[in-house]
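Undergrad: from the sequence below, what's the structure:
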Amino acid sequence: MHLGWLIFYLASVGSASAAGNCSYKALLEHLGLGNDDIQMTSLRPVFKWKTPTFLFLDLFVTSITEVNEKAQSLSTQVTILLGWVNEYTVWNPDDFCGITLCSVKKDMVWTPDISITESIKTEFATMENQYVQLQNQGAVVTSNTFAVTTACKMNLHQFPFDVQSCTFTFQSPIHSSKELVISPFSDASFLTLSSKKAFQTQGEWELLSINTSKANVTTLGETQDQLIYKITVKRRPLLYVINFLMPVFYFLILDLASFFIDSAGGEKLGFKVTLLLSISVLLLLLQDMLPSTASDIPLIGESFSALNIILLTDAVKDTKSPPDSETDRHEERLYALDLLKQILVELQAAAAHQNQQERKCLSWTRVATIVDVIFNFLYVTTVIVFLIMLFKAWFP
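TA: Residues are numbered from 1 along each chain as shown. Got it, this is the predicted structure:
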(Lines give C-alpha, C1' and ligand atoms only; values in the text may rest on other atoms or scores of the structure.)
Protein backbone atom coordinates (compact mmCIF):
# COMPACT_ATOMS: atom_id res chain seq x y z
CA MET A 1 0.00 0.00 0.00
CA HIS A 2 2.78 2.42 0.94
CA LEU A 3 4.73 1.39 -2.17
CA GLY A 4 1.81 2.43 -4.41
CA TRP A 5 1.63 5.85 -2.75
CA LEU A 6 5.40 6.30 -3.27
CA ILE A 7 5.17 5.50 -6.98
CA PHE A 8 2.26 7.93 -7.35
CA TYR A 9 4.22 10.69 -5.55
CA LEU A 10 7.31 10.24 -7.71
CA ALA A 11 5.21 10.32 -10.88
CA SER A 12 3.51 13.51 -9.72
CA VAL A 13 6.84 15.20 -8.99
CA GLY A 14 8.20 14.12 -12.38
CA SER A 15 5.14 15.43 -14.18
CA ALA A 16 5.39 18.75 -12.39
CA SER A 17 9.09 18.99 -13.27
CA ALA A 18 8.40 18.20 -16.93
CA ALA A 19 5.61 20.77 -17.00
CA GLY A 20 7.99 23.37 -15.55
CA ASN A 21 10.47 22.77 -18.40
CA CYS A 22 7.79 23.53 -21.00
CA SER A 23 8.30 27.32 -20.73
CA TYR A 24 10.67 29.76 -22.40
CA LYS A 25 11.66 30.99 -18.97
CA ALA A 26 13.05 27.60 -18.05
CA LEU A 27 14.91 27.48 -21.39
CA LEU A 28 16.44 30.92 -20.85
CA GLU A 29 17.49 29.96 -17.34
CA HIS A 30 19.03 26.80 -18.72
CA LEU A 31 21.01 28.80 -21.31
CA GLY A 32 22.05 31.40 -18.75
CA LEU A 33 20.43 34.31 -20.59
CA GLY A 34 19.00 37.37 -18.91
CA ASN A 35 21.67 37.54 -16.21
CA ASP A 36 23.90 40.14 -17.92
CA ASP A 37 26.59 37.52 -18.28
CA ILE A 38 29.55 39.05 -20.12
CA GLN A 39 30.31 35.66 -21.63
CA MET A 40 26.91 35.60 -23.35
CA THR A 41 26.59 39.27 -24.36
CA SER A 42 30.08 40.58 -25.14
CA LEU A 43 32.49 37.72 -25.88
CA ARG A 44 32.56 35.72 -29.07
CA PRO A 45 30.34 32.62 -28.46
CA VAL A 46 32.90 29.81 -28.78
CA PHE A 47 34.30 27.39 -26.20
CA LYS A 48 37.84 27.64 -27.61
CA TRP A 49 39.18 31.01 -28.70
CA LYS A 50 40.91 29.47 -31.73
CA THR A 51 37.55 28.35 -33.10
CA PRO A 52 36.21 30.89 -35.67
CA THR A 53 32.63 32.10 -35.63
CA PHE A 54 30.82 31.39 -38.90
CA LEU A 55 28.59 34.22 -40.09
CA PHE A 56 26.16 33.73 -43.00
CA LEU A 57 24.65 36.74 -44.75
CA ASP A 58 22.00 37.48 -47.39
CA LEU A 59 21.29 40.81 -49.09
CA PHE A 60 17.93 41.54 -50.76
CA VAL A 61 17.34 44.80 -52.70
CA THR A 62 13.72 45.90 -52.31
CA SER A 63 13.86 49.31 -54.04
CA ILE A 64 16.15 51.79 -55.75
CA THR A 65 15.25 55.23 -54.43
CA GLU A 66 17.84 57.44 -56.14
CA VAL A 67 20.85 57.29 -58.44
CA ASN A 68 22.89 60.49 -58.20
CA GLU A 69 25.29 60.56 -61.15
CA LYS A 70 27.00 63.81 -60.19
CA ALA A 71 27.61 62.69 -56.60
CA GLN A 72 28.40 59.12 -57.77
CA SER A 73 26.10 57.55 -55.20
CA LEU A 74 23.35 54.93 -55.11
CA SER A 75 20.45 55.02 -52.64
CA THR A 76 18.64 51.75 -52.06
CA GLN A 77 16.42 50.00 -49.57
CA VAL A 78 17.84 46.61 -48.65
CA THR A 79 16.98 43.78 -46.29
CA ILE A 80 19.97 42.13 -44.63
CA LEU A 81 19.55 38.65 -43.17
CA LEU A 82 22.24 37.51 -40.70
CA GLY A 83 22.83 34.10 -39.20
CA TRP A 84 25.72 32.82 -37.09
CA VAL A 85 26.67 29.95 -34.80
CA ASN A 86 26.52 30.41 -31.01
CA GLU A 87 28.01 27.43 -29.20
CA TYR A 88 26.41 28.52 -25.91
CA THR A 89 22.79 28.46 -27.13
CA VAL A 90 22.43 24.73 -27.83
CA TRP A 91 19.75 22.64 -26.14
CA ASN A 92 17.92 19.38 -26.49
CA PRO A 93 14.29 19.98 -27.53
CA ASP A 94 13.21 16.78 -25.75
CA ASP A 95 14.17 18.37 -22.42
CA PHE A 96 11.87 21.34 -23.05
CA CYS A 97 8.72 19.80 -24.48
CA GLY A 98 9.96 19.99 -28.07
CA ILE A 99 10.86 23.71 -28.11
CA THR A 100 13.20 24.30 -31.09
CA LEU A 101 12.92 28.08 -31.53
CA CYS A 102 13.09 30.95 -29.08
CA SER A 103 13.16 34.72 -29.64
CA VAL A 104 15.17 36.93 -27.30
CA LYS A 105 16.36 40.53 -27.32
CA LYS A 106 19.59 41.36 -29.07
CA ASP A 107 21.27 42.67 -25.94
CA MET A 108 20.96 39.23 -24.33
CA VAL A 109 23.36 37.54 -26.77
CA TRP A 110 26.49 38.40 -28.73
CA THR A 111 25.90 39.93 -32.18
CA PRO A 112 28.55 40.38 -34.90
CA ASP A 113 29.84 43.82 -35.82
CA ILE A 114 29.36 44.10 -39.59
CA SER A 115 29.51 47.27 -41.68
CA ILE A 116 29.26 48.26 -45.36
CA THR A 117 32.55 49.83 -46.40
CA GLU A 118 31.01 51.87 -49.29
CA SER A 119 28.29 53.30 -47.07
CA ILE A 120 27.90 57.07 -47.04
CA LYS A 121 24.71 57.01 -45.00
CA THR A 122 22.88 54.08 -43.41
CA GLU A 123 19.72 54.21 -41.35
CA PHE A 124 16.85 51.89 -40.51
CA ALA A 125 14.15 52.05 -43.15
CA THR A 126 11.67 50.74 -40.59
CA MET A 127 11.85 50.32 -36.82
CA GLU A 128 14.95 48.43 -35.76
CA ASN A 129 14.41 44.75 -35.07
CA GLN A 130 15.07 44.32 -31.35
CA TYR A 131 15.02 40.51 -31.35
CA VAL A 132 17.03 37.58 -32.60
CA GLN A 133 15.80 34.04 -33.06
CA LEU A 134 17.62 31.17 -31.33
CA GLN A 135 17.52 27.66 -32.76
CA ASN A 136 18.25 24.58 -30.74
CA GLN A 137 21.27 23.62 -32.91
CA GLY A 138 23.00 26.86 -31.89
CA ALA A 139 22.07 29.02 -34.89
CA VAL A 140 21.12 32.66 -34.26
CA VAL A 141 19.14 34.52 -36.96
CA THR A 142 18.09 38.15 -37.32
CA SER A 143 17.17 40.60 -40.11
CA ASN A 144 16.74 44.33 -40.65
CA THR A 145 15.66 46.66 -43.44
CA PHE A 146 17.97 49.59 -44.12
CA ALA A 147 17.96 52.69 -46.31
CA VAL A 148 21.52 52.77 -47.58
CA THR A 149 23.38 55.38 -49.62
CA THR A 150 26.65 53.99 -50.98
CA ALA A 151 29.45 55.37 -53.12
CA CYS A 152 29.36 53.94 -56.64
CA LYS A 153 31.71 54.69 -59.53
CA MET A 154 29.54 55.13 -62.63
CA ASN A 155 30.31 55.15 -66.34
CA LEU A 156 27.88 57.51 -68.10
CA HIS A 157 29.31 57.28 -71.61
CA GLN A 158 26.35 55.23 -72.90
CA PHE A 159 23.65 57.37 -71.26
CA PRO A 160 20.65 56.86 -71.53
CA PHE A 161 21.29 53.20 -72.43
CA ASP A 162 23.75 52.73 -69.56
CA VAL A 163 24.10 49.82 -67.14
CA GLN A 164 25.66 50.54 -63.73
CA SER A 165 27.23 48.12 -61.26
CA CYS A 166 27.65 49.04 -57.59
CA THR A 167 29.17 46.98 -54.79
CA PHE A 168 28.20 46.38 -51.16
CA THR A 169 31.21 45.12 -49.21
CA PHE A 170 30.45 43.60 -45.81
CA GLN A 171 33.36 43.46 -43.41
CA SER A 172 34.01 43.36 -39.68
CA PRO A 173 36.03 46.36 -38.50
CA ILE A 174 37.41 44.39 -35.53
CA HIS A 175 37.53 40.65 -36.08
CA SER A 176 40.09 38.97 -38.31
CA SER A 177 39.38 36.05 -40.62
CA LYS A 178 40.65 33.72 -37.88
CA GLU A 179 37.86 34.94 -35.60
CA LEU A 180 35.00 35.67 -37.99
CA VAL A 181 34.37 33.88 -41.30
CA ILE A 182 31.78 35.62 -43.51
CA SER A 183 30.00 33.59 -46.18
CA PRO A 184 26.88 33.99 -48.34
CA PHE A 185 23.89 31.93 -47.26
CA SER A 186 22.03 31.87 -50.62
CA ASP A 187 23.28 31.79 -54.20
CA ALA A 188 23.14 34.73 -56.61
CA SER A 189 20.16 33.47 -58.65
CA PHE A 190 17.99 33.10 -55.54
CA LEU A 191 18.90 36.60 -54.33
CA THR A 192 18.16 38.12 -57.73
CA LEU A 193 14.81 36.36 -58.12
CA SER A 194 13.73 37.14 -54.56
CA SER A 195 14.73 40.80 -54.88
CA LYS A 196 12.80 41.22 -58.13
CA LYS A 197 9.70 39.70 -56.54
CA ALA A 198 9.99 42.01 -53.53
CA PHE A 199 10.83 45.09 -55.60
CA GLN A 200 8.60 47.97 -54.49
CA THR A 201 9.36 50.67 -57.08
CA GLN A 202 9.09 50.82 -60.87
CA GLY A 203 11.03 54.02 -61.49
CA GLU A 204 13.82 54.92 -63.85
CA TRP A 205 16.05 52.00 -62.88
CA GLU A 206 15.59 48.26 -63.29
CA LEU A 207 17.36 45.62 -61.21
CA LEU A 208 19.23 43.14 -63.40
CA SER A 209 21.22 40.89 -61.08
CA ILE A 210 22.89 40.43 -57.69
CA ASN A 211 26.21 38.57 -57.67
CA THR A 212 28.35 37.51 -54.71
CA SER A 213 32.06 37.04 -54.22
CA LYS A 214 34.52 36.74 -51.35
CA ALA A 215 37.78 38.56 -50.78
CA ASN A 216 40.39 39.19 -48.10
CA VAL A 217 41.90 42.49 -47.02
CA THR A 218 44.85 43.10 -44.72
CA THR A 219 44.36 45.76 -42.04
CA LEU A 220 47.05 46.51 -39.47
CA GLY A 221 48.73 43.20 -40.22
CA GLU A 222 45.54 41.16 -39.79
CA THR A 223 43.62 39.49 -42.63
CA GLN A 224 39.87 40.12 -42.60
CA ASP A 225 37.08 38.45 -44.52
CA GLN A 226 35.01 40.45 -47.02
CA LEU A 227 31.72 39.46 -48.60
CA ILE A 228 31.02 41.51 -51.75
CA TYR A 229 27.59 41.90 -53.36
CA LYS A 230 27.59 43.37 -56.86
CA ILE A 231 24.29 45.09 -57.69
CA THR A 232 23.71 45.61 -61.44
CA VAL A 233 20.98 48.05 -62.50
CA LYS A 234 19.84 49.30 -65.91
CA ARG A 235 18.32 52.66 -66.80
CA ARG A 236 14.94 52.71 -68.52
CA PRO A 237 15.59 55.05 -71.50
CA LEU A 238 12.04 55.59 -72.78
CA LEU A 239 11.74 59.14 -71.39
CA TYR A 240 14.99 60.26 -73.01
CA VAL A 241 14.15 58.57 -76.31
CA ILE A 242 10.83 60.41 -76.57
CA ASN A 243 12.08 63.80 -75.37
CA PHE A 244 15.47 63.99 -77.12
CA LEU A 245 16.42 61.23 -79.53
CA MET A 246 13.25 61.24 -81.60
CA PRO A 247 13.27 65.06 -82.12
CA VAL A 248 16.92 64.90 -83.16
CA PHE A 249 16.20 62.22 -85.75
CA TYR A 250 13.30 64.33 -87.03
CA PHE A 251 15.68 67.26 -87.45
CA LEU A 252 18.04 65.04 -89.44
CA ILE A 253 15.21 63.95 -91.73
CA LEU A 254 14.11 67.57 -92.25
CA ASP A 255 17.67 68.64 -93.00
CA LEU A 256 18.03 65.87 -95.59
CA ALA A 257 14.70 66.91 -97.11
CA SER A 258 15.96 70.48 -97.44
CA PHE A 259 18.23 69.34 -100.30
CA PHE A 260 15.15 69.34 -102.53
CA ILE A 261 14.32 73.01 -101.80
CA ASP A 262 15.29 75.46 -104.53
CA SER A 263 18.02 77.78 -103.26
CA ALA A 264 17.26 80.60 -105.71
CA GLY A 265 14.46 82.13 -103.66
CA GLY A 266 16.19 82.14 -100.26
CA GLU A 267 13.73 79.81 -98.52
CA LYS A 268 16.36 77.07 -98.15
CA LEU A 269 18.70 79.24 -96.08
CA GLY A 270 15.86 80.35 -93.78
CA PHE A 271 14.80 76.74 -93.32
CA LYS A 272 18.37 75.69 -92.36
CA VAL A 273 18.69 78.56 -89.87
CA THR A 274 15.41 77.51 -88.25
CA LEU A 275 16.69 73.95 -87.87
CA LEU A 276 19.93 75.22 -86.39
CA LEU A 277 18.09 77.32 -83.81
CA SER A 278 15.83 74.37 -82.92
CA ILE A 279 18.74 72.00 -82.25
CA SER A 280 20.44 74.74 -80.19
CA VAL A 281 17.36 75.10 -77.97
CA LEU A 282 17.24 71.33 -77.58
CA LEU A 283 20.87 71.36 -76.44
CA LEU A 284 20.03 73.93 -73.77
CA LEU A 285 17.22 71.71 -72.48
CA LEU A 286 19.50 68.67 -72.53
CA GLN A 287 22.12 70.46 -70.45
CA ASP A 288 19.80 70.55 -67.42
CA MET A 289 18.94 66.84 -67.60
CA LEU A 290 22.24 65.41 -68.78
CA PRO A 291 24.27 63.71 -66.01
CA SER A 292 27.89 64.73 -65.89
CA THR A 293 31.06 63.69 -64.11
CA ALA A 294 34.64 64.88 -64.12
CA SER A 295 35.90 62.03 -66.32
CA ASP A 296 33.00 60.67 -68.39
CA ILE A 297 31.09 62.66 -71.01
CA PRO A 298 27.82 61.04 -72.13
CA LEU A 299 27.80 59.97 -75.75
CA ILE A 300 24.46 61.68 -76.32
CA GLY A 301 26.06 65.05 -75.51
CA GLU A 302 28.90 64.41 -77.95
CA SER A 303 26.45 63.32 -80.65
CA PHE A 304 24.29 66.44 -80.21
CA SER A 305 27.36 68.66 -80.49
CA ALA A 306 28.45 66.84 -83.65
CA LEU A 307 24.95 67.18 -85.09
CA ASN A 308 24.97 70.89 -84.34
CA ILE A 309 28.26 71.26 -86.22
CA ILE A 310 26.86 69.32 -89.19
CA LEU A 311 23.77 71.54 -89.39
CA LEU A 312 25.88 74.67 -88.99
CA THR A 313 28.21 73.60 -91.80
CA ASP A 314 25.26 72.84 -94.06
CA ALA A 315 23.71 76.24 -93.32
CA VAL A 316 26.98 78.06 -94.03
CA LYS A 317 27.29 76.18 -97.32
CA ASP A 318 23.88 77.37 -98.43
CA THR A 319 24.84 81.01 -97.85
CA LYS A 320 27.43 80.68 -100.66
CA SER A 321 24.95 80.42 -103.49
CA PRO A 322 25.89 81.13 -107.14
CA PRO A 323 26.04 84.84 -107.97
CA ASP A 324 22.90 86.26 -109.50
CA SER A 325 24.01 88.85 -112.10
CA GLU A 326 20.69 89.36 -113.90
CA THR A 327 20.29 92.88 -112.55
CA ASP A 328 23.84 93.77 -113.46
CA ARG A 329 23.35 92.52 -117.00
CA HIS A 330 20.17 94.55 -117.31
CA GLU A 331 21.94 97.72 -116.22
CA GLU A 332 24.77 96.97 -118.57
CA ARG A 333 22.33 96.60 -121.46
CA LEU A 334 20.74 99.94 -120.65
CA TYR A 335 24.11 101.52 -120.38
CA ALA A 336 25.17 99.95 -123.68
CA LEU A 337 22.03 101.28 -125.42
CA ASP A 338 22.74 104.76 -124.17
CA LEU A 339 26.25 104.53 -125.42
CA LEU A 340 24.95 103.18 -128.77
CA LYS A 341 23.20 106.44 -129.41
CA GLN A 342 26.42 108.29 -128.96
CA ILE A 343 29.20 106.09 -130.24
CA LEU A 344 28.80 102.95 -132.33
CA VAL A 345 32.24 101.77 -131.37
CA GLU A 346 31.34 101.77 -127.71
CA LEU A 347 28.41 99.46 -128.48
CA GLN A 348 30.73 96.81 -129.87
CA ALA A 349 33.00 97.08 -126.83
CA ALA A 350 30.02 96.81 -124.46
CA ALA A 351 28.70 93.74 -126.32
CA ALA A 352 32.10 92.05 -126.05
CA HIS A 353 32.24 92.85 -122.34
CA GLN A 354 28.74 91.46 -121.85
CA ASN A 355 29.61 88.17 -123.49
CA GLN A 356 32.66 87.84 -121.28
CA GLN A 357 30.57 88.41 -118.12
CA GLU A 358 28.03 85.80 -119.19
CA ARG A 359 30.74 83.25 -119.74
CA LYS A 360 32.15 83.97 -116.25
CA CYS A 361 28.70 83.62 -114.62
CA LEU A 362 28.10 80.35 -116.41
CA SER A 363 31.44 78.95 -115.26
CA TRP A 364 30.79 79.96 -111.62
CA THR A 365 27.33 78.42 -111.76
CA ARG A 366 28.77 75.10 -112.92
CA VAL A 367 31.42 75.18 -110.15
CA ALA A 368 28.80 75.95 -107.48
CA THR A 369 26.56 73.11 -108.75
CA ILE A 370 29.44 70.60 -108.62
CA VAL A 371 30.44 71.74 -105.12
CA ASP A 372 26.82 71.48 -103.95
CA VAL A 373 26.47 67.91 -105.27
CA ILE A 374 29.76 66.83 -103.67
CA PHE A 375 28.81 68.41 -100.33
CA ASN A 376 25.39 66.78 -100.35
CA PHE A 377 26.97 63.39 -100.99
CA LEU A 378 29.50 63.89 -98.18
CA TYR A 379 26.76 65.15 -95.86
CA VAL A 380 24.53 62.11 -96.39
CA THR A 381 27.53 59.78 -95.99
CA THR A 382 28.58 61.53 -92.76
CA VAL A 383 25.08 61.27 -91.29
CA ILE A 384 24.82 57.55 -92.13
CA VAL A 385 28.26 56.78 -90.66
CA PHE A 386 27.45 58.88 -87.61
CA LEU A 387 24.21 57.01 -86.92
CA ILE A 388 25.88 53.61 -87.42
CA MET A 389 28.70 54.46 -85.00
CA LEU A 390 26.22 55.85 -82.47
CA PHE A 391 24.09 52.70 -82.65
CA LYS A 392 27.15 50.45 -82.20
CA ALA A 393 28.31 52.48 -79.21
CA TRP A 394 24.93 52.28 -77.49
CA PHE A 395 24.23 48.65 -78.36
CA PRO A 396 27.60 46.86 -78.64
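
Undergrad: distance of residue 371 relative to residue 225?
TA: Going from residue 371 to residue 225 by C-beta to C-beta, to the nearest Å gives 71 Å. Every residue, glycine included, has its C-beta placed from N, CA and C.

Undergrad: and if you look at residue 106?
TA: Residue 106 is 22 Å from residue 225, where distance means C-beta to C-beta.

Undergrad: for this structure, name the helix or strand with the lowest mean pLDDT.
TA: helix 2-20 (a mean of 40; mean pLDDT, DSSP states H and E).

Undergrad: what about the helices in the protein?
TA: Using DSSP state H, the helices of the chain run over residues 2-20, 24-31, 38-41, 188-198, 238-240, 246-257, 267-289, 299-319, 326-342, 344-394.

Undergrad: poorly predicted segments of the stretch 201-350 of the chain, please.
TA: Residues of the stretch 201-350 of the chain that meet the criterion pLDDT under 70 lie in 263-266, 288, 292-297, 301-302, 304-308, 310-350.

Undergrad: walk me through the domains of this structure.
TA: 42-236, 239-320, 322-396 (automatic domain parsing).

Undergrad: reformat the ones you listed as a markdown table; add distance to residue 36 and mean neighbour count.
TA: Below are these laid out as a markdown table (distance: least, C-beta to C-beta, whole Å; neighbours: other C-beta atoms under 10 Å):
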| stretch | distance to residue 36 | mean neighbour count |
| --- | --- | --- |
| domain 42-236 | 9 | 16 |
| domain 239-320 | 52 | 15 |
| domain 322-396 | 61 | 12 |
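
Undergrad: possible to save those domains as a markdown table with distance to residue 27?
TA: Shown next, in a markdown table, are the domains of the chain (distance: least, C-beta to C-beta, whole Å):
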| stretch | distance to residue 27 |
| --- | --- |
| domain 42-236 | 5 |
| domain 239-320 | 56 |
| domain 322-396 | 60 |
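
Undergrad: out of these, nearest to residue 30?
TA: Across the domains of the chain, residue 30 has its closest neighbour in domain 42-236 (6.3 Å, C-beta to C-beta).

Undergrad: what's opposite the closest residue to residue 216 other than its chain neighbours in the beta bridge?
TA: Spatial nearest neighbour of residue 216, excluding adjacent residues (C-beta to C-beta, 6 or more residues apart in numbering): residue 223 at 5.2 Å. In this entry, residue 223 is beta-bridged to residue 218, by DSSP bridges.

Undergrad: next, work out how far apart residue 223 and residue 72 are.
TA: According to C-beta to C-beta, residue 223 and residue 72 sit 29 Å apart.

Undergrad: dig out what the residue nearest to the spatial centre of the chain forms beta bridges with.
TA: Nearest residue to the geometric centre of the chain (C-alpha atoms, centre = their mean): residue 164, 3.9 Å. On the basis of DSSP bridges, residue 164 is bridged to residue 233.

Undergrad: quick one: pLDDT of it?
TA: At residue 164, the model reports a pLDDT of 93.

Undergrad: is it true that it touches residue 158?
TA: No. Between residue 164 and residue 158 there is no contact under C-beta atoms under 8 Å: 10.1 Å.

Undergrad: now stretch 21-33: average pLDDT?
TA: Stretch 21-33 comes out at a mean pLDDT of 85.
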